[in-house]
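**Q** give me the fold of what follows.
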Amino acid sequence: MPGGYPFLGHALQLRFRPLEFVRSLRACGDIVVFRLGPRDAYAVNHPDLIRQMLVTDAKSFMKGRMFEKGRLVARNGLFTSEGDFHLRQRRIIQPLFRRAHIQQYAATMRQIAQAHVDTWRDGQEVRMDRELFDLALTTVTRVLFSTRLDEGRSEAVCRSLPVLLEGLGRRAVAPIDLLDKLPTVMNYRFGKALSLMQSVIEGIIAEHRVRGADTADLLAALLAGRDEETGEGMTDEQVYDEVVTTLIAGTETTAGALSWACYLLSRHPHIQRRLQDELDEQLGDRDITFEDLGKLRFLQQVMAETLRLHPSTWMLMRSPLTVVALGGHVLPAGSTVLFSIYALQRDPALYPHPEEFDPDRWAPDRAAQIKRDAYIPFGAGVRGCAGEQFARAEMAVILAVMLRQYTLSPASGPPAKPIVRLIPMPSAMPLIVHRRPRGHSFQEAP
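**A** Residues are numbered from 1 along each chain as shown. All right, here's what the predicted structure looks like:
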């Protein structure tokens, strides 16, 4: 592919214009060879070939450079682990996100969302990106640790997570590993944030070990979890890895998706009104429950379209374990292979008018025409997100609580833009909240 620079290849484009760059690759073919520093890299653009890599031939690939860098933070958690160990961890963790558990978590999600919304005032300007990050952090920590983190620990996590994710994103596309070791401000901040996160999480795990089985939260379940095949549990180090993985997945990814949903709804008032009408019709004056989520079909369509435009990650990588034939190309063992969910789900060959926010493209008759493998916001195959149903339930509950009481409208200022880290987050997103005439508190009676 033309346009690279000596020694750096296309690393500068991937670093400074990542979304534009990965979308431009589609016009170059189903598989595109480009340079990432001194090495060849391969971009896979066709949904059939992505499926082959993630599902059919998944055992022929390891997770690759991005996930190797991810081990700096999540160590050997479900997001980064490989092979038999990954399958063992998934067997332990997947049951914790089954329907019965999510049903229990949904009540916690609603209570936390309601507490946040009850602090808003009619006509208030809300920094929705910050509000939803705090709400998502509160929710995942309550599910993980039973109670809200104390102020010091919560502040530590809030400070550390964005720095760690930005650092991982930079490291994944760096042309050489030496850049990670240079005495730069970013590397210093990354190391300090990592130490702070480790101190906080290790302390919480130690406290839970002392309390034993007195708490009914996800951390207690992780500590007590056993592999159904071997009966083995996890060490404190393995539990730490999964806690950090859950914090990252349950905070930044959820906050980002919810922020974009609010932003899009504020700019499409007719869609927002239609969603509010559905909530009014289905729920009346009662609290939303987990059982309601399947009935709120338009809400599900809004979330599906939001995740199409703004998936939880913009790019993922793989590396062949042996020589692999893919789409007429021979991929060498150990080579860097990437695919972009962001670019895939905005491909005009797969989605008519791909830049439009159109929840009705997920109505049953139209959704049936969308190619199955063209929509993978949570990945696919055995390495797909284990907490997908948890994330979808959290998004639905929080949006429902918010929109039953308030209508969102844009505030003055520039349009929000994606800030591309490992997980793409929106820039500053101020919105005005207007109390609906029929709004109620919807809190449980004491």
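**Q** rounded mean pLDDT for stretch 154-171, please.
**A** What stretch 154-171 shows for mean pLDDT is 77.
**Q** let me fix that, I meant to ask about stretch 217-233.
**A** 82.
**Q** let me see the mean pLDDT of the longest helix belonging to the chain.
**A** When the chain is parsed with DSSP state H, its longest helix is helix 185-211. Averaging pLDDT along helix 185-211 gives 86.
**Q** give me the helices and strands touching it, please.
**A** helix 65-74, helix 151-173, helix 218-224, helix 236-248 (3 or more Cβ pairs under 8 Å, 6 or more residues apart in numbering; DSSP states H and E). C-beta: built from backbone N, CA, C; applies to glycine.
**Q** and those helices as TSV, adding distance to Ala106?
**A** Shown next, in TSV, are those (distance: least, Cβ to Cβ, whole Å):
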stretch	distance to Ala106
helix 65-74	26
helix 151-173	22
helix 218-224	14
helix 236-248	17
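**Q** ok, Ser160 - contacts?
**A** Residues counted as contacts of Ser160 (Cβ atoms under 8 Å, 6 or more residues apart in numbering) are Ala193, Leu194, Leu196, Met197, Val200.
**Q** and what of Gln103?
**A** By Cβ under 8 Å, 6+ apart, the neighbours of Gln103 are Phe290, Glu291.
**Q** in the helix or strand where it lies, what counts as buried?
**A** For Gln103, the host element (DSSP states H and E) is helix 99-117. Across helix 99-117, burial judged by 16 or more other Cβ atoms under 10 Å covers 101-102, 105-106, 108-114, 116-117.
**Q** ditto for stretch 321-341
**A** Val324, Leu326, Gly327, His329, Leu331, Ser335, Thr336, Val337, Leu338, Phe339, Ser340, Ile341.
**Q** before we move on, the earlier item: average model confidence for the helix holding Gln103?
**A** Here the average pLDDT along helix 99-117 is 90.
**Q** picking up where we left off before, got TSV for the buried residues of helix 99-117, with distance to Pro418 too?
**A** Putting those into TSV (distance: Cβ to Cβ, whole Å) gives the following:
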residue	distance to Pro418
His101	32
Ile102	28
Tyr105	28
Ala106	29
Thr108	29
Met109	25
Arg110	29
Gln111	31
Ile112	26
Ala113	24
Gln114	29
His116	24
Val117	26
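**Q** need the max-distance pair from those residues.
**A** His101 and Val117 (24.6 Å; Cβ to Cβ).
**Q** right, and the helices and strands packed on helix 185-211 - which one's nearest Gln369?
**A** helix 65-74 (32.2 Å).
**Q** quick one: average confidence on that closest one?
**A** 69.
**Q** so after it, what's the next helix or strand?
**A** helix 83-93.
**Q** would Leu307 count as being in a strand?
**A** No. According to DSSP: H, G, I helix; E, B strand; the rest coil, Leu307 belongs to no strand; its state is helix.
**Q** tell me the contacts of it?
**A** Ala257, Pro377.
**Q** could you measure from it over to Leu12?
**A** As judged by Cβ to Cβ, to the nearest Å, Leu307 and Leu12 stand 29 Å apart.
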